[in-house]
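Enquirer: how would this look folded up:
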Amino acid sequence: MLNYRLIFMCFILALNIPQYLKAATEKPLNILILYADDWRNDTLGCAGNQIVKTPNLDALAKKGVRFTRSCVTTSICGVSRANLLTGQWMSRHGNQAFAMFKTPWEETYPGLLRKNGYHVGHIGKWHNGVFPKEKYDFGRSYAGNHWIKQTNGEMIHVTKKNEDDALEFLKTKPDDKPFLLTVSFFATHAVDGNPKQYLPQPQSMELYKDVKIPIPVTATESHFRKLPPFISNEKNEGRHRWHWRFDTPEKYQEYMKNYYRLATEVDDTSGKIIADLEKRKLLDSTLVIFTTDNGYFHGEHELADKWYPYEESIRVPLIVLDPRTPKSKAGKTNDEFVLNVDLAPTILGASKIKAPVTMQGRDFAPLYLEDNIKDWRQEFFYEHAIIKNKDFIPASEALVRKDMKYIFWPDFNTEELYDLKIDPLEENNLIKSEKHQESLQLLRIRFKELKGDAK
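Expert: Numbering: from 1, shown residues only. Purely as a prediction, here's the structure:
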């Protein structure tokens with residue numbers, strides 16, 4: 001007598017054999033992180049920038065997924081890099097500017113990957129205390145200048161050195177291990193002690209030569225005066241650096257063109273690294289992430305650099321090329337809030353390693369691997385510590401939503417409120433608006449809740 005139940009089960013199993021085989025044979029992905037410095041979300045051709053040339057990153061976005069609402073939870077180099085390594089807010093990892101974070105190394109994504117058999121490399125900028133070279137299989141840390149003297153006395157541009165070191169890593173890595181490589185560019189960060197600030201390579205100087213860079217509509221004295229008085233003065237560092245770079249039309253053109261030249265050089269190097277992966281037949285087994293440590297003012301509000309919780313400072317580019325992504329999603333954009341604290345758990349997920357409970361970010365791979373994710377965050381807490389003193393860079397905090405932003409300056413007990421739906425450039429502070437007092441009270445309550453969760 002036929003066992004129809006057994007036959008039915010065998011039929012169902014046969015239908016699902018490809019999925020079972022895929023799950024059984026799927027290996028942890030290689031990881032490549034292309035981590036630029038001081039790029040904001042629209043310093044990409046594919047993000048609508050009509051000036052900057054980034055053909056390789058644009059091509060990466062066409063193959064992968066670009067996140068249009070990627071943000072940092074603290075907009076400064078050292079803290080943001082600590083956030084990347086630990087998957088934690090500043091309040092938890094403890095690095096408020098330049099020091100080493102408090103989180104144990106074995107709870108960082110490179111520490112966990114190396115412990116689980118990955119060949120781990122770091123190239124370029126570190127900015128978290130003394131570089132722990134012994135914790136990497138391939139570790140080369142350098143930054144601070146665009147031109148570096150080599151041991152033979154010759155000068156090399158920092159982005160070219162990034163390129164040479166990355167290609168050496170890929171050439172010398174073992175074939176029997178998955179790899180993690182973080183290429184931590186110094187560009188487009190300025191050389192703070194150099195009056196020229198941005199020093200591209202000679203072959204880039206023809207780029208943008210005959211182009212006029214548009215000046216932002218908010219780069220006016222009146223917009224500067226709308227800021228809180230402890231920002232709209234000549235003491236704070238954002239204003240100081242605006243004078244370095246942008247306080248005449250001629251300087252604006254010179255410095256922005258050199259800034260964009262550095263960006264195009266990073267794009268070129270990124271393209272060469274990706275091409276080498278493809279040549280080695282590794283691209284189809286590698287998660288590629290391009291992002292940056294913080295946003296950047298291009299003269300908006302007559303400010304320069306980052307730090308403050310305005311949109312230009314906190315929003316960063318994020319492109320992900322993941323071989324697991326369905327073909328139907330290639331070239332798409334996603335406007336969910338993805339934060340820099342989400343990168344570490346996402347990397348661990350692609351590596352089949354469980355994220356430690358100390359990580360506060362979330363694996364965002366479901367946003368591009370699946371459909372109709374309904375429980376993703378709609379808001380986040382932003383924080384920045386005081387640097388030197390409250391006149392230099394004051395502490396700032398914020399509750400950020402897509403439609404509203406509440407800002408609190410704890411050193412001055414001062415608030416700001418912006419309706420981002422109708423005021424995306426943050427020109428009109430609504431903190432005293434009678435119409436918004438009820439929603440303001442609710443935002444204050446939620447702000448305190450999220451601040452507590454960050455610890």
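Enquirer: neighbours around residue 233, how many?
Expert: Residues lying near residue 233 (other C-beta atoms under 10 Å) number 13. From N, CA and C alone the C-beta is placed, and that goes for glycine too.
Enquirer: again with residue 47
Expert: Other residues near residue 47 come to 19 when the count uses other C-beta under 10 Å.
Enquirer: ok, now residue 217?
Expert: 10.
Enquirer: and the gap between the most centrally placed residue in the chain and residue 264?
Expert: Geometric centre of the chain, nearest residue: residue 292, 3.2 Å, by C-alpha atoms, centre = their mean. Distance, residue 292 to residue 264, using C-beta to C-beta, to the nearest Å: 15 Å.
Enquirer: Work out for me the element the closest residue to residue 283 other than its chain neighbours sits within.
Expert: Of all residues not flanking residue 283 in the chain, residue 277 sits nearest, at 4.5 Å (C-beta to C-beta, 6 or more residues apart in numbering). Counting by DSSP states H and E, the element that carries residue 277 is helix 249-279.
Enquirer: Neighbouring strands - and their directions - for the next helix-or-strand element following that helix?
Expert: For helix 249-279, the following helix or strand on the C-terminal side (DSSP H and E) is strand 286-292. The strands beside strand 286-292 in its sheet (DSSP bridges) come out as strand 30-36 (parallel), strand 318-321 (antiparallel).
Enquirer: nearest to residue 407, of these?
Expert: With C-beta to C-beta as the criterion, residue 407 lies closest to strand 318-321 of the strands paired with strand 286-292, at 23.1 Å.
Enquirer: all helices for the chain, in order.
Expert: With helices called from DSSP state H, the chain shows them at 4-25, 55-63, 77-86, 90-93, 109-115, 158-172, 221-226, 237-245, 249-279, 311-314, 343-350, 366-369, 437-453.
Enquirer: Count the neighbours of residue 341 for me.
Expert: The burial count for residue 341: 27, using other C-beta under 10 Å.
Enquirer: what's the closest non-adjacent residue to it?
Expert: Spatial nearest neighbour of residue 341, excluding adjacent residues (C-beta to C-beta, 6+ apart): residue 361 at 3.5 Å.
Enquirer: quick revisit: show the contacting residues for the nearest residue to the residue nearest to the centre of the chain once chain neighbours are set aside.
Expert: Excluding its sequence neighbours, the residue lying closest to residue 292 (C-beta to C-beta, 6+ apart) is residue 39, at 4.0 Å. The contact partners of residue 39, taken as C-beta atoms under 8 Å, 6 or more residues apart in numbering, are 188, 263, 292, 295, 296, 316, 317.
Enquirer: Could you measure from the fourth one over to residue 307?
Expert: According to C-beta to C-beta, residue 295 and residue 307 sit 10 Å apart.
Enquirer: Give the residues shared as contacts by those two.
Expert: 75, 313.
Enquirer: Could you point out which residue ranges in the chain have low pLDDT?
Expert: For the chain, the stretches with pLDDT under 70 are 1-25.
Enquirer: nearest spatial neighbour of residue 197, skipping sequence neighbours?
Expert: Residue 197 sits nearest to residue 190 (C-beta to C-beta, 6+ apart), 4.1 Å away.
Enquirer: Ok, residue 352 next?
Expert: Distances taken as C-beta to C-beta, 6+ apart put residue 28 closest to residue 352, at 4.7 Å, once the chain neighbours are dropped.
Enquirer: now do residue 410
Expert: residue 395 (5.1 Å).
Enquirer: Next up, the contacts around that neighbour.
Expert: Residue 395 neighbours (C-beta under 8 Å, 6+ apart): 384, 385, 386, 409, 410, 411.
Enquirer: Would you agree the fifth one is in contact with residue 397?
Expert: Spelled out, that is residue 410. Yes: assessed by C-beta atoms under 8 Å, residue 410 is found in contact with residue 397 at 6.5 Å.
Enquirer: These two: which has the busier surroundings?
Expert: Taking other C-beta under 10 Å, residue 410 and residue 397 do not tie; residue 397 has more neighbours (19 against 14).
Enquirer: what's across from the more buried one in the sheet?
Expert: Beta-bridge pairing for residue 397 (DSSP bridges): residue 383, residue 408.
Enquirer: So the closest residue to residue 186 other than its chain neighbours versus residue 359, what's the distance?
Expert: In space, and not counting its chain neighbours, residue 186 is closest to residue 143: 4.3 Å by C-beta to C-beta, 6+ apart. Remark: distance between residue 143 and residue 359 (C-beta to C-beta) = 26 Å.
Enquirer: Give me the more crowded residue out of the two.
Expert: residue 359 (23 against 19).
Enquirer: How about the contacts made by that one?
Expert: Neighbours of residue 359 in contact, by C-beta under 8 Å, 6+ apart: 86, 87, 88, 107, 341, 344, 345, 348.
Enquirer: Roughly how far does it sit from residue 129?
Expert: Noted for residue 359: a distance of 20 Å to residue 129, by C-beta to C-beta.
Enquirer: Likewise for residue 374?
Expert: Counting by C-beta to C-beta, the gap from residue 374 to residue 129 is 41 Å.
Enquirer: Can you pick out the residue with more neighbours from these two?
Expert: Remark: of residue 374 and residue 129, residue 129 carries more neighbours, 13 against 4, as counted by other C-beta under 10 Å.
Enquirer: how near is the more buried one to residue 416?
Expert: 33 Å.
Enquirer: what's the answer for residue 221, then?
Expert: Taking C-beta to C-beta, one finds residue 221 at 19 Å from residue 416.
Enquirer: So for the two, which sits in the more crowded spot?
Expert: Per other C-beta under 10 Å, whichever of residue 221 and residue 416 has more neighbours is residue 416, with 19 against 9.
Enquirer: check contacts around the closest residue to that one other than its chain neighbours.
Expert: Sequence neighbours aside, residue 407 is the residue nearest to residue 416 in space, at 4.0 Å (criterion: C-beta to C-beta, 6+ apart). Going by C-beta under 8 Å, 6+ apart, residue 407 touches 309, 396, 397, 398, 415, 416, 417, 418.
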